[in-house]
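**Student:** All I have is the shape, not the residue letters:
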Ligand SMILES: [Zn+2]
């Protein structure tokens, strides 16, 4: 069985600096990921879509509702102040409705999960529950303090760790299991200036990976355990950095250089010919 743990925003440099051996495993490296042309850095929905399908899949953003566009126009041309009173409330209400939606959206392409005997645990485009995006937007709209946001992210993280553990008990004859975590990305965005908070999260992740691998080995014997990240993090600027990360507890036959290489690697490992 191949168990893939996708950790959004796991940063190669910080894993290296903290020397986190459970995250580094037997082999590890930076990997090339697609860079979104508009933003100039990797965009998670594009990178995870590319990982799942083996091809670069640009993200199509949903159109903003007419009324929001109208509001923005009024805001810039007539200089109407939406920062106070009823207008502020109205703006927040509309933005919330627009922003709090499924960030990953749907993916109308076949992924390696579709063509293998697989299980997904909170994976983008499948059953991702969007909780981290929701809490991040509330922080962005200044509806949650930094303290409450960080605590909320930590609660989601603890919940996710338990969820992955309990789902392992449901594995029967799956060849590929893909579990995903988005809490590190959101914590990095909201609390990137709190270095010690971030480092503690990395240490906890390292410890969790060790427990997870032990549980998998106890239940299934030899398991190929692969960790993948869609981008790193620039903690000075508070933005995504350009390279992804992977590690594996087994030497992979062909060394992945790009995140799209995993599609073929995974199919080869489960014995499916790739065309
Ligand atoms: Zn991010």
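**Tutor:** That came in fine, so what should we check first? Predicted model only: the values in this text are computed from it and were never measured.
**Student:** which residues in the stretch 51-200 of the chain form helices?
**Tutor:** Applying DSSP state H, counting those that start in this stretch to the stretch 51-200 of the chain gives helices spanning 66-77, 85-99, 131-140, 146-168, 183-191, 195-220.
**Student:** Pull the residues that contact the fifth one.
**Tutor:** Outside helix 183-191, the residues within contact range by C-beta atoms under 8 Å, 6 or more residues apart in numbering are 7-11, 44, 132-133, 135-136, 139, 146, 149-150, 153-154, 156-157, 160, 197-198, 201-202, 205, 233, 235, 238. (Each C-beta comes from the backbone N, C-alpha and C, glycine too.)
**Student:** before we move on, the earlier item: among the helices of the stretch 51-200 of the chain, show me which one is buried the most.
**Tutor:** Each of those was scored by mean neighbour count; the highest is helix 183-191, a mean of 23, by mean count of other C-beta atoms under 10 Å.
**Student:** quick one: that helix to chain centroid distance?
**Tutor:** Distance of helix 183-191 from its chain centroid, counting by C-alpha atoms, centre = their mean, to the nearest Å, is 10 Å.
**Student:** any idea of the angle that helix forms with helix 195-220?
**Tutor:** Helix 183-191 runs at 170 degrees relative to helix 195-220, counting by axes from the mean of the first three to the mean of the last three C-alpha atoms, to 10 degrees.
**Student:** Now do helix 183-191 and helix 131-140, the angle between them.
**Tutor:** Inter-element angle recorded for helix 183-191 and helix 131-140: 0 degrees (by the same axes, to 10 degrees).
**Student:** Domains in the protein, by residue range?
**Tutor:** Domain assignment for the chain by automatic domain parsing gives 2-62+104-269, 63-100.
**Student:** Lowest average pLDDT across these?
**Tutor:** Among the domains of the chain, domain 63-100 carries the lowest mean pLDDT, a mean of 65.
**Student:** can you tell me the distance between the two ends of stretch 30-45?
**Tutor:** Taking C-alpha to C-alpha, to the nearest Å as the measure, stretch 30-45 stretches 19 Å from start to finish.
**Student:** List the contacts of it.
**Tutor:** Here stretch 30-45 makes contact (C-beta under 8 Å, 6+ apart) with 8-9, 12, 46-47, 50, 56, 58-59, 103-105, 124, 182, 185, 228, 230-232, 239-246, 256-259, 261.
**Student:** Make a ChimeraX selection of whichever of those residues turn out to be buried.
**Tutor:** ChimeraX command restricting the contacts of stretch 30-45 to the buried ones, with burial defined by 16 or more other C-beta atoms under 10 Å:
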select :8,9,12,46,47,50,59,103,104,124,182,185,228,230,231,232,239,240,241,243,244,245,246,256,259,261
